[in-house]
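J.: using only what follows, build the 3D model:
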Amino acid sequence: MLSRAAFVTGGVSAPRATVLASGSAGNAVLLEAGGYGLLVDAGLSVDALERALARVAAPVRTVRMVLLTHEHDDHARGAGPLARALDIPVYANAGTAGAAGAALAGAGVTVFEMGRPFAVGPFAITAFPVPHDAAEPAGFAVEVEGRRVVIATDLGAAGDVLDGHLSDADLAILESNYDLGLLHVSGYPWFLKNRILSGLGHLSNDDAARALVRTAGRRRRIVLVHLSESNNLAALARDTVRDALAATGRADHAVRAVPPNGCTEPMEIV
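T.: Predicted coordinates for the structure are as follows:
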């Protein structure tokens, strides 16, 4: 039987972020601060989420809420079951809450407004729109203990709204889904390639690099996520962004890419 106690293994001295899962098989990011765990997306089964949390070597705080970017299965499939199992709320905007439907049945859902900041535990959260083929997809700027984390995944384009948030980020967790050359030669059918390439699809390595170069006014940590199994490589995504930043004199940014369907260790938000 899953319980909150299953996720508590000790104390955490500084805010942390952990990518528990990243890719088409499921997505989840854990933010921790002040004894409070916030799960951004829950695109795994409850059992898989439990294993992902147990896999983290450093202490893991109790999960107290789930925050959804959008309703697609690889981001939301475990949100309702996890919320029911732990008796915790799911936070979603109106479009996502409506589109998720039965997946959130029996869960306590709190609806937030896009662009209006709200607080949960030690976190101050602002949701902003991103272009994707979902009901009301969102990215999040999360402030905690004087630091800012920006999470934007599943978006077909990066524009002024995202740029405004990335420019203030201490930690940017950004989609870098595909390499254009690999996508063109992949075995994907054309309708799927066209969906990925569209303004409501996914972000390429080059587009992620351009967005990060445009907003490179301060030193920050960058984590590239939601890499395609078929159309990307972690080293390729990392080097595309790293080289673009270095070419503009910003080699001081720490860049890493999470392998397709991979994860990270806990990262202090500094």
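
J.: distance of the residue lying closest to residue 145 once chain neighbours are set aside relative to residue 27?
T.: Excluding its sequence neighbours, the residue lying closest to residue 145 (Cβ to Cβ, 6 or more residues apart in numbering) is residue 15, at 5.3 Å. Where you see a C-beta, it was placed from the backbone N, CA and C, and this is true even at glycine. Look at residue 15 and residue 27: by Cβ to Cβ, to the nearest Å, they are 20 Å apart.

J.: more crowded one of those two?
T.: Using other Cβ atoms under 10 Å, the more surrounded residue of residue 15 and residue 27 is residue 27, with 27 against 24.

J.: now that one. Nearest residue, chain neighbours left out?
T.: Using Cβ to Cβ, 6+ apart, the closest residue to residue 27 is residue 43 (4.3 Å).

J.: for the one you found, the count of nearby residues, please.
T.: 25.

J.: all strands of the stretch 101-250 of the chain, in order?
T.: Under the criterion DSSP state E, counting those that start in this stretch, strands of the stretch 101-250 of the chain are mapped to 109-112, 118-120, 123-129, 138-144, 147-152, 171-175, 221-225.

J.: highest mean neighbour count out of these?
T.: Among these, strand 171-175 has the highest mean neighbour count (mean count of other Cβ atoms under 10 Å), at a mean of 26.

J.: on that earlier part again, reformat the strands of the stretch 101-250 of the chain as JSON lines; add distance to residue 82.
T.: What follows is the strands of the stretch 101-250 of the chain, written out as JSON lines (distance: least, Cβ to Cβ, whole Å):
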{"stretch": "strand 109-112", "distance to residue 82": "13"}
{"stretch": "strand 118-120", "distance to residue 82": "16"}
{"stretch": "strand 123-129", "distance to residue 82": "18"}
{"stretch": "strand 138-144", "distance to residue 82": "18"}
{"stretch": "strand 147-152", "distance to residue 82": "18"}
{"stretch": "strand 171-175", "distance to residue 82": "20"}
{"stretch": "strand 221-225", "distance to residue 82": "20"}
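
J.: who wins for proximity to residue 181 among those?
T.: When the strands of the stretch 101-250 of the chain are compared by Cβ to Cβ, strand 221-225 sits nearest residue 181, at 17.1 Å.

J.: picking that back up, closest one to residue 66 among the strands of the stretch 101-250 of the chain?
T.: strand 109-112 (9.8 Å).

J.: residues contacting that closest one, please?
T.: Here strand 109-112 makes contact (Cβ atoms under 8 Å, 6 or more residues apart in numbering) with 89, 90, 91, 92, 93, 94, 97, 118, 125, 127.
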